[in-house]
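Novice: Below are the sequence and a predicted model for it; my questions follow.
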Amino acid sequence: MVQFFLESDRVTEFVTHLMDQKPVYAPHRKGRQSFAFDLCANAADAVLDYPRVMQSVKKFFLPPREELLSFNLKENSFAAPAIDPANAVFLGVHAYDLAAVHRLDHNFSKGQPEKNYLARREGAVFVGVSFEPDAFHFSGSVGIDPQSTRGSDIFLTRLLDGYVLEVLTPAGEALMTGFDLPPHEAGKPAAGHFQQHIFVPQDKLSSVMAASYNNEVWAETSAKCVGCGTCNLVCPTCYCFNVEENVDITVTEGNRERSWDGCMLRTFSEVAGGEVFREKVADRQRHRVFRKFKYISDETGEPWCVGCGRCTASCTAGISIVNIVNKLVADYESTVVAPI
Amino acid sequence: MNNNSPVELKDLYLPVMAEIKDVKELTPMETLYTVELPDGAELGHTPGQFVELSMFGVGEAPFSISSSPTRRGVFELGIRKVGMLTEVLAGYEVGQKVGIRGPFGNGIDLEAFKGKDVLIVAGGIGLVPMRSMINYVIDNRDQFGRLIICYGSRSDTELLFTDELAAWEKDPKVEYHVTVDRGSEDWQGKTGVITTLIPGLDLDLANTACCVCGPPIMYRFVLMALKSRGLSDDNIYMSLERRMKCGVGKCGHCQINSSYVCQDGPVYCYTDIKSLQEAL
């Protein structure tokens, strides 16, 4: 793989080059510690050195609110929604968020493939960037290195005075046409160290979960949890949704819309008549954690948690998914004798 | 990305507009709607499957199909007024159109029932989906053994499909048992919960397959009664209710542990769900 050197002073020029070809979405500073992916209007506004964005790039392929159909009440008729392909560059994506996109690709492709998501995914080109693990990242524990290029078309590894730029796919190559860079010979620096770890190999997580259904950690956690669903809201691999109708003020037209929903909310499992199948917060905590480390993972062999740390960083009650899992791991190891 | 071109993918969330051909009050709470797809197309369902019915500006919800696929041209939905959507639907009349998606889900495994005695245990509105299977068996009488129906209702005034119940009672090829939790003064039949019907049944255990449908509370007790009679797990099927919002295994609302009810269910063989702690 040929590596190029992109010096710090040329980053804006590089972003401008990308913007000349396709719309570019990149992290923008929103507050002192808040960053969000936005359409780049000024190349200089793109931020490549950031801890994490509030919402992953999921929001472009599975928008928080999305029209499923529009209707006319007078005519009792409906029309299919317009679904625009992404056809854009996503610049400065961290490896765990790219891993999350690939997990969502699986969820929306398996069984009955979903046109809405898959059409929006079309034409997305990813320029990944390495990250420096902070107090919440733990993606190393689920096999995602800060310098992992998986899923990227172009990848930038941060150096003191710029970036190592690798072109990984034909789509990446096409983007680089007309932008010349000197080769980089010196190799890459070592990836940053994680401060947070799950203390078990990722392929053992499913076994840990299988032994943890009745662990007291669910009740302990639920004593603090207020069931607000923020953890679902910020998770890059949560994709559950609700479906609702909107009607305009003249009661003539409207649409059917899906919106992000969360299994931590009490009403999520409610059926007509009022029965709730996961009534206790503890039941819902377990469901969320099992969704990330067991249910889907048993099919695919990969944890569905990508270790971004958002749910922990955003939790108003200070609940840490890493602490939950490590408590389960400790209990598992103290009760299950490992085969020799 | 996969190689599927999105233009070739099906629109999973677009309904077809189907016409209400008949509306029949079953009780003050429950109504039977007869629905016809455009151009009289067949729904092509299996007993136990469901559709998503929608009304624009109101919403969409899953409903079990109550008619047997053997009764062609139209299909029937038996619907209880329990919420906003069903309240609005109650005002709909013959000739109006509703959106239909489906059929969805895993219906009754008919092959597992063929050649066997069929035992149906239906509690309350659980008779709505089970009626699809009952009429399927009646219409294909030579493919099945005995047809034994156990039906429980809160009271005799809430019994559904009373004309058909009377016909099943008279039919020499149907063994029909009914009980109500609380009978009115006029009630001549049995009183007691549905499980009281099971100990007295004459069952050929090795050759009986059973399907259970009813309110959530009912399953554990019916299961205990069936197990104590010696029915094996692989001959017990259950139709479970959850909130299937999308019907296509995406929205997550219907999940029981790792299983999507709209994909693996709503009808499950008991052997497949006994390890799912959230199922019953």
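Specialist: Alright, I've got the coordinates. Residues are numbered from 1 along each chain as shown, chains lettered A, B, ... in the order given.
Novice: Show the backbone phi and psi for the residue of the stretch 151-280 of chain B found nearest chain A.
Specialist: When scored by C-beta to the nearest C-beta, the stretch 151-280 of chain B has B:Gly252 as its residue closest to chain A, at 3.2 Å. (Glycine included, C-beta is placed from N, CA and C.) With angles defined as degrees, to the nearest 10, B:Gly252 sits at phi 90, psi -10.
Novice: count of residues packed around it?
Specialist: If you count neighbours by other C-beta atoms under 10 Å in any protein chain shown, B:Gly252 ends up with 24.
Novice: Pull the contacting residues for the closest residue to it other than its chain neighbours.
Specialist: Distance criterion C-beta to C-beta, 6 or more residues apart in numbering or on different chains; nearest residue to B:Gly252, sequence neighbours excluded, is A:Cys240 at 3.2 Å. When contacts are counted by C-beta atoms under 8 Å, 6 or more residues apart in numbering or on different chains, A:Cys240 is found next to A:232, A:260-263, A:268, B:251-253.
Novice: Tell me the predicted confidence for A:Cys240.
Specialist: If you check A:Cys240, the pLDDT there is 98.
Novice: and if you look at B:Asp142?
Specialist: Note on B:Asp142: pLDDT of 97.
Novice: pLDDT weak spots in chain A?
Specialist: A:337-340 (pLDDT under 70).
Novice: how about CSV for the contacts of A:Cys240, with secondary structure and distance to A:Leu69 added?
Specialist: Listed next are these as CSV, based on DSSP: H, G, I helix; E, B strand; the rest coil; distance: C-beta to C-beta, whole Å:
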residue, secondary structure, distance to A:Leu69
A:Asn232, helix, 25
A:Trp260, strand, 18
A:Asp261, coil, 18
A:Gly262, coil, 24
A:Cys263, coil, 25
A:Phe268, helix, 23
B:Cys251, coil, 15
B:Gly252, coil, 20
B:His253, coil, 19
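Novice: Which one of the residues you listed is nearest to B:Leu26?
Specialist: B:His253 (27.3 Å; C-beta to C-beta).
Novice: quick one, what contacts that closest one?
Specialist: B:His253 touches A:240, A:242, A:261, A:268-269, B:242-246, counting by C-beta under 8 Å, 6+ apart.
Novice: same thing with A:Trp260?
Specialist: Contacts of A:Trp260 (C-beta under 8 Å, 6+ apart): A:62, A:64, A:232-233, A:238, A:240-242.
Novice: What is the nearest of the residues you listed to chain B?
Specialist: Using C-beta to the nearest C-beta, A:Cys240 comes nearest to chain B of the contacts of A:Trp260, at 3.2 Å.
Novice: now the residue nearest in space to the middle of chain B, nearest residue through space, not along the chain?
Specialist: Using C-alpha atoms, centre = their mean, the residue of chain B that lies closest to the mean C-alpha position is B:Pro129, 1.7 Å off. Ranked by C-beta to C-beta, 6+ apart and with sequence neighbours excluded, the top spatial neighbour of B:Pro129 is B:Ser64, at 3.6 Å.
Novice: Verify the contact between the one you found and B:Arg131 for me.
Specialist: No - using C-beta atoms under 8 Å, B:Ser64 is not in contact with B:Arg131, being 9.2 Å away.
Novice: list residues touching both of the two?
Specialist: Counting by C-beta under 8 Å, 6+ apart, the residues touching both B:Ser64 and B:Arg131 are B:Gly78.
Novice: before we move on, the earlier item: next, format the contacts of B:His253 as JSON lines and append distance to B:Tyr33.
Specialist: Shown next, in JSON lines, are the contacts of B:His253 (distance: C-beta to C-beta, whole Å):
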{"residue": "A:Cys240", "distance to B:Tyr33": "30"}
{"residue": "A:Asn242", "distance to B:Tyr33": "25"}
{"residue": "A:Asp261", "distance to B:Tyr33": "28"}
{"residue": "A:Phe268", "distance to B:Tyr33": "28"}
{"residue": "A:Ser269", "distance to B:Tyr33": "27"}
{"residue": "B:Arg242", "distance to B:Tyr33": "22"}
{"residue": "B:Arg243", "distance to B:Tyr33": "21"}
{"residue": "B:Met244", "distance to B:Tyr33": "19"}
{"residue": "B:Lys245", "distance to B:Tyr33": "21"}
{"residue": "B:Cys246", "distance to B:Tyr33": "22"}
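Novice: Buried subset of those residues as a ChimeraX selection?
Specialist: Paste this into ChimeraX to select the buried members of the contacts of B:His253, with burial taken from 16 or more other C-beta atoms under 10 Å in any protein chain shown:
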select /A:240,242,261,268,269 /B:242,243,244,245,246
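Novice: so of the contacts of B:His253, which ones are in strands?
Specialist: Counting by DSSP state E, those place A:Asn242 in strands.
Novice: tell me the secondary structure for the residue nearest to the centre of chain B?
Specialist: Classification of B:Pro129 by DSSP: H, G, I helix; E, B strand; the rest coil places it in helix.
Novice: Quick one: residues contacting it.
Specialist: B:Pro129 makes contact with B:47-48, B:50, B:64-66, B:213, B:239, B:266, according to C-beta under 8 Å, 6+ apart.
Novice: Now do it against B:Gly78, distance only.
Specialist: 8 Å (C-beta to C-beta, to the nearest Å).
Novice: and of the contacts of A:Cys240, the nearest to B:Thr179?
Specialist: B:His253 (33.2 Å).
Novice: Tell me the confidence at the closest one?
Specialist: 96.
Novice: coming back round to it: what residues are shared contacts of B:Pro129 and B:Gly78?
Specialist: Applying C-beta under 8 Å, 6+ apart, one finds that B:Pro129 and B:Gly78 are jointly contacted by B:64, B:66.
Novice: Number of residues surrounding A:Ala171?
Specialist: 15.
Novice: Which elements pack onto the helix or strand harbouring it?
Specialist: Counting by DSSP states H and E, the element that carries A:Ala171 is helix A:170-176. Helices and strands touching helix A:170-176, by 3 or more C-beta pairs under 8 Å, 6 or more residues apart in numbering or on different chains; DSSP states H and E, are strand A:124-129, strand A:154-158.
Novice: neighbouring contacts of stretch A:166-173?
Specialist: With contacts defined as C-beta under 8 Å, 6+ apart, stretch A:166-173 is touched by A:1-4, A:125, A:127, A:149, A:152-155, A:157, A:176.
Novice: Give me the buried subset of the residues you listed.
Specialist: Among the contacts of stretch A:166-173, those scoring as buried are A:3-4, A:125, A:127, A:149, A:152-155, A:157, A:176 (criterion: 16+ other C-beta under 10 Å).
Novice: Give me the buried entries from the contacts of A:Trp260.
Specialist: For the contacts of A:Trp260, buried by 16+ other C-beta under 10 Å: A:62, A:232-233, A:238, A:240-242.
Novice: Is residue 85 in a helix, a strand, or coil?
Specialist: This is for chain A. What three-state DSSP gives for A:Pro85 is coil.
Novice: looking at chain B here, not the other one
Specialist: helix.
Novice: Quick one: the strands in chain A, in order.
Specialist: Using DSSP E, strands in chain A cover A:3-7, A:24-29, A:35-39, A:65-72, A:77-79, A:88-93, A:124-129, A:154-158, A:162-167, A:241-247, A:253-260.
Novice: For the residue positioned nearest the centre of chain A, give its distance to chain B.
Specialist: With distances taken as C-alpha atoms, centre = their mean, A:Pro236 lies nearest the centre of chain A, 2.4 Å away. The spacing between A:Pro236 and chain B, counted by C-beta to the nearest C-beta, to the nearest Å, is 15 Å.
Novice: ok, B:Lys24 - contacts?
Specialist: The contact partners of B:Lys24, by C-beta under 8 Å, 6+ apart, come to B:31-32, B:34.
Novice: what does B:Asp234 give?
Specialist: So B:Asp234 contacts B:269-271 (C-beta under 8 Å, 6+ apart).
Novice: Shouldn't it be within a helix?
Specialist: Yes - checked against three-state DSSP, B:Asp234 lies within a helix.
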